[in-house]
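Engineer: Attaching a predicted model along with its sequence, questions to come.
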Amino acid sequence: MDLGGELAEIDVELFNRLLKTEVIKPNPNIETNHEKGYTLLDPQSTESYNNGMLFANYLIVLKQVLSKLN
């Protein structure tokens, strides 16, 4: 998938949730701008974000957590 060099920007709160649930792994190539409230993803995470895999994985984690609670 060619993104033309454009990296995805996501909200810091969303990034923190994805990081906390281990959907995104810590990576020094991911840059967070706390003042402006966004995170600039690396190329691999951008591809996963653009094709919906980050959200699919997040939903799987939520389903696992909810099944343990019920």
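Structural biologist: All right, it came through fine.
Engineer: Is the closest residue to Asp42 other than its chain neighbours part of a helix or strand, or is it coil?
Structural biologist: Nearest residue to Asp42, sequence neighbours excluded (C-beta to C-beta, 6 or more residues apart in numbering): Asn29, at 3.9 Å. Any C-beta I mention is one placed from the backbone N, CA and C, and that applies to glycine too. Secondary structure assignment for Asn29 (DSSP: H, G, I helix; E, B strand; the rest coil): coil.
Engineer: Distance check, Ser45 against Met53.
Structural biologist: Here the criterion is C-beta to C-beta, to the nearest Å. By it, Ser45 lies 10 Å from Met53.
Engineer: Give the intersection of the neighbour lists for the two.
Structural biologist: Counting by C-beta atoms under 8 Å, 6 or more residues apart in numbering, Ser45 and Met53 have no shared contacts at all.
Engineer: Of these two, which one has the most company?
Structural biologist: Ser45 (24 against 13; other C-beta atoms under 10 Å).
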